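**Student:** can you look at this prediction? I've put the sequence above it.
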Amino acid sequence: MRILLTNDDGIFAPGLTALEAIARQFSDDIWICAPAEEQSGAGHSLTLSRPVRLRRHDERRFSVSGTPTDAVMMALRKVMPAPPDLILSGVNRGANLGDDVTYSGTVSAAIEGALAGIRSIALSQVYASEGMGDAVPFGAAEAWGAKVLAPLLDAPFAPRTLVNVNFPALPAEEVQGIRVVRQGFHDYSRGTIVEGTDPRGYRYFWFGLDGIEHTPGHATDLEAIQDGFVSVTPLQLDLTHEASLAELAGRFG
């Protein structure tokens, strides 16, 4: 089985090292193509206004000067000799739960794989407090990653779908198990924007993560993580709100 690994935290991110260790439990045919630098929050963006540079680190390890979407596209079209059987994105440093999936470069890399018709899975490690940097522990992901992936390798994936996995911020031995759940909802009305002044006297603004109120519902990814479980959520790329089609069509005659 040929596996492509990517992420949004960059080619040298600890989470990518953790993901490679997980992937090698299933295959030795591992290829890596990831952004050269952190691209958190890049979403499904594609670099169009400047050239994308490709750097080769070894025979099967590459980085690109662009987004996670760029990395997957370059891997599929320029780097790999044949398409992979599986694309794994992560392990992200931080949660990708609820509405966060729309911002996530980690999830978006898996989206690009799904668009190419390749089985794609995004993996993220939740952590307990901000300011941890590269000290975020990946123990839960490392211990539970293969347990989550094994049932997914031959599971039927509908076209244009992917799976989003989050590991709770717990020591591996305290993880309660695995739950298959729906996407939850975040209340961002209390999200913060931190304002400051740089050394030259100019104002800047930094989007903060503290103060965001979570609103977990029954059987959602937010609830699963709160309860100490690994969350597994199937996502679809068709965003059409089916219930509104007939009503809107009637308004236009």
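**Tutor:** Structure received.
**Student:** need the residue closest to the centroid of the chain.
**Tutor:** Among the residues of the chain, residue 106 comes closest to the average C-alpha position under C-alpha atoms, centre = their mean, at 2.6 Å.
**Student:** next one: phi and psi at that residue?
**Tutor:** With angles defined as degrees, to the nearest 10, residue 106 sits at phi -60, psi -50.
**Student:** so what's the predicted local confidence for it?
**Tutor:** Per-residue confidence for residue 106 comes out at a pLDDT of 98.
**Student:** what of residue 134?
**Tutor:** 66.
**Student:** next: the one 3 residues further on.
**Tutor:** In this prediction, residue 137 carries a pLDDT score of 95.
**Student:** what's it in contact with, if anything?
**Tutor:** Counting by C-beta atoms under 8 Å, 6 or more residues apart in numbering, residue 137 touches 125, 127, 171. Heads up, the C-betas are built off the backbone N, CA and C, glycines and all.
**Student:** measure the residue nearest to the centre of the chain to residue 245 for me?
**Tutor:** Using C-beta to C-beta, to the nearest Å, residue 106 is found at 31 Å from residue 245.
**Student:** over to residue 232?
**Tutor:** With the distance defined as C-beta to C-beta, residue 232 ends up 29 Å from residue 245.
**Student:** show me which of the two is the more surrounded one.
**Tutor:** For residue 232 and residue 245, the more surrounded residue by other C-beta atoms under 10 Å is residue 232, and the numbers stand at 19 against 10.
**Student:** packing partners of the longest helix along the chain?
**Tutor:** Counting residues, the longest helix found in the chain (DSSP state H) is helix 139-152. Applying 3 or more C-beta pairs under 8 Å, 6 or more residues apart in numbering; DSSP states H and E, one finds that helix 139-152 contacts helix 14-23, strand 86-93, strand 119-125, strand 161-167, strand 177-180, strand 229-236.
**Student:** which positions within the longest one qualify as buried?
**Tutor:** By neighbour count with 16 or more other C-beta atoms under 10 Å, helix 14-23 contains the buried residues 14-16, 18-20, 22-23.
**Student:** same check, this time on stretch 158-168
**Tutor:** Residues 161-168 are the ones in stretch 158-168 that count as buried (16+ other C-beta under 10 Å).
**Student:** for it, what is the average pLDDT?
**Tutor:** The average pLDDT within stretch 158-168 is 98.
**Student:** what about that stretch, distance to the chain center?
**Tutor:** With C-alpha atoms, centre = their mean, to the nearest Å as the basis, the distance from the averaged C-alpha position of stretch 158-168 to the chain average is 9 Å.
**Student:** report the backbone C-alpha coordinates of it in CSV.
**Tutor:** Backbone C-alpha positions of stretch 158-168 (Å, rounded to 0.1, in the frame of the first residue of the first chain) are rendered in CSV as follows:
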residue,chain,number,x,y,z
ALA,A,158,-18.4,7.4,-0.7
PRO,A,159,-17.1,9.6,-3.5
ARG,A,160,-16.1,13.1,-2.4
THR,A,161,-16.0,12.1,1.3
LEU,A,162,-13.2,12.0,3.9
VAL,A,163,-12.7,11.1,7.5
ASN,A,164,-11.7,13.5,10.3
VAL,A,165,-10.1,12.1,13.4
ASN,A,166,-9.3,13.9,16.6
PHE,A,167,-7.3,12.5,19.6
PRO,A,168,-8.2,13.8,23.1
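**Student:** pretty sure residue 158 contacts residue 236?
**Tutor:** Yes - with contacts counted by C-beta atoms under 8 Å, residue 158 reaches residue 236, the gap being 7.4 Å.
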